[in-house]
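Colleague: just to be clear, the model below is a prediction. Sequence and coordinates:
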Amino acid sequence: MRILYCIGALNKRGGAERVLVNKANYFAEVYEYEVHILIANQDDKPLCYGISKKVKLHDMKITECFTKKSIPLASFFKNVKKLKKIYEKKIVQINPSIIFVLERGYDDFIIPNIMPSIPKVRESHSSMEAVKIMDSGASNSKKQKVFNTVFTLLYKRQMKKYNHVVVLTERDKAYRSYLKRVSVIPNIVSSFKSQPSRLNNFRAISVGRLDTFKNFKDQILVWANIVKKHPNWTLHIYGQGSEKENLQHLITKLNLVNHVFLEEVSNQIETHYQESSLFLFTSIAEGFGLVLVEAMQFGLPVVSYNCPCGPEDIISNSEDGFLVNVGDLTSLENRIVELIENKEKRKEIGKKAILKSKEFLPEVVMPKWDTLIKQFISEK
């Protein structure tokens, strides 16, 4: 079995990148399949995650082939025409049994249109609702919004050209009625070997990219009320991003500099989960929410916005975590206070969270991918 994955880059830490590496490593090491990853442009930067030596990487360096024009749409399709020949030559050399595409980009306009004998599967790591929310909020420019709308329609058309589409949640599948063949396979998480948190520390944690869509602002606003009742509790947010300065300004404005801390991206995130006693998640849009499952592996009770999409597919409300409506700061605060003031409740939910997290381990999820692959090979 020869599997080919296509992705834009593997130089920045993100959910799609981490899941790809985990899957590629598992297929190569456990199933002993021949796995290739076609990277559009690594930009000579180091890999963001450790990849098995058995996985073969191919950096296409596509920016060296780009045509630069003042009309973005015309330039894009001129690049597609050039890249199609380059990609086809490389894929003929690899001769994969099946091809997976992971991101919106040039691949969507190239891969479905070459080598029709090879099954092609599109993995959607962003939900339709999330993409709509992100595109609408990405720019106030009317021109940019029109451009986003046009490209969304074009991508939707391209998705129909794949043999199959795999989404992460049942909620997102319901939005894909325009597609004939859709499966739901959740993301996998790394199997952490560390012990769960003892939930003894007066410490909450949150992890993610510091941007408007991850919406850490709401956590900070709520924490201003939390510390009035529980001044010994602190909130630690791990991540980097464009909103860092604004978030730090808000922390200072609310006199929370000794209570809320914007931490750097950490290679020791397991330790930070172990040191914490609850996890907060306030995204307004998600493809899945991988950090939710990671935190649950360590027995952390989670208080999460029920945003599109992911949280409701991961958390059973009031059993192994809490779900509150997006923007409902009162409910968010009440649930946090409930967990702070009731250690036994924390432990009870934490134990159930560990059990739920096991549903997303590689040994549970990867056989679903293997079954899908073998189905397409047999049909071929």
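Modeller: Cool, got the structure.
Colleague: what about the closest residue to I94 other than its chain neighbours, how many residues close to it?
Modeller: The shortest distance from I94 to any non-neighbouring residue, by CB to CB, 6 or more residues apart in numbering, is to H36 (5.3 Å). C-beta coordinates here come from the backbone N, C-alpha and C atoms, glycine included. With neighbours defined by other CB atoms under 10 Å, the count for H36 comes to 22.
Colleague: for Q93, same thing?
Modeller: So Q93, with other CB under 10 Å, has 9 neighbours.
Colleague: ok, back up a step: the residue nearest to I94: what secondary structure?
Modeller: strand (DSSP: H, G, I helix; E, B strand; the rest coil).
Colleague: repeat for T371
Modeller: State at T371, reduced to three classes by three-state DSSP: helix.
Colleague: from S378, how far off is it?
Modeller: With distances taken as CB to CB, to the nearest Å, T371 is found 11 Å from S378.
Colleague: in the helix or strand containing A24, what counts as buried?
Modeller: Secondary structure from DSSP states H and E places A24 in helix 15-29. For helix 15-29, burial by neighbour count (16 or more other CB atoms under 10 Å) applies to 15-28.
Colleague: then the least confident helix or strand in the chain by mean pLDDT to PDB, C-alphas only?
Modeller: Taking mean pLDDT, DSSP states H and E as the measure, helix 128-137 is the helix or strand of the chain with the lowest mean score, a mean of 73. This file holds the C-alpha atoms of helix 128-137, laid out as PDB (Å, rounded to 0.1, in the frame of the first residue of the first chain):
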ATOM      1  CA  MET A 128     -18.300  24.600   6.600                       C
ATOM      2  CA  GLU A 129     -19.700  26.800   9.300                       C
ATOM      3  CA  ALA A 130     -16.300  27.700  10.600                       C
ATOM      4  CA  VAL A 131     -15.000  28.700   7.200                       C
ATOM      5  CA  LYS A 132     -18.100  30.900   6.600                       C
ATOM      6  CA  ILE A 133     -17.500  32.600  10.000                       C
ATOM      7  CA  MET A 134     -13.800  33.100   9.300                       C
ATOM      8  CA  ASP A 135     -14.200  34.300   5.800                       C
ATOM      9  CA  SER A 136     -16.900  36.900   6.800                       C
ATOM     10  CA  GLY A 137     -14.700  38.200   9.600                       C
END
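Colleague: can you list contacts of that helix?
Modeller: 126, 145, 148-149, 152, 171-172, 175-176, 212-213, 284-287, 307-309 (CB atoms under 8 Å, 6 or more residues apart in numbering).
Colleague: correct me, but L221 touches L332?
Modeller: No. The pair L221 / L332 is not scored as a contact, 9.1 Å apart, by CB atoms under 8 Å.
Colleague: looking only at neighbour counts, state which of the two leads.
Modeller: Neighbours were counted for L221 and for L332 using other CB under 10 Å; L332 has more, 25 against 16.
Colleague: which SSE is the more buried one in?
Modeller: helix 329-341.
Colleague: closest to I7 among the buried residues of helix 15-29?
Modeller: Closest approach to I7 among the buried residues of helix 15-29 (CB to CB): L20, at 6.0 Å.
Colleague: who has more neighbours, T371 and S378?
Modeller: Higher neighbour count among T371 and S378: T371, with 11 against 7, using other CB under 10 Å.
Colleague: ok, that one to I118 distance?
Modeller: Relative to I118, T371 is positioned 19 Å away (CB to CB).
Colleague: report the buried residues of the helix or strand hosting Y5.
Modeller: If you go by DSSP H and E, Y5 is part of strand 2-7. By neighbour count on 16+ other CB under 10 Å, the buried set for strand 2-7 is I3, L4, Y5, C6, I7.
Colleague: same check on stretch 256-272?
Modeller: L256, H259, V260, L262, I269, E270, H272.
Colleague: closest to C48 out of the residues you listed?
Modeller: Out of those, the member with the shortest distance to C48 (by CB to CB) is I269, at 13.7 Å.
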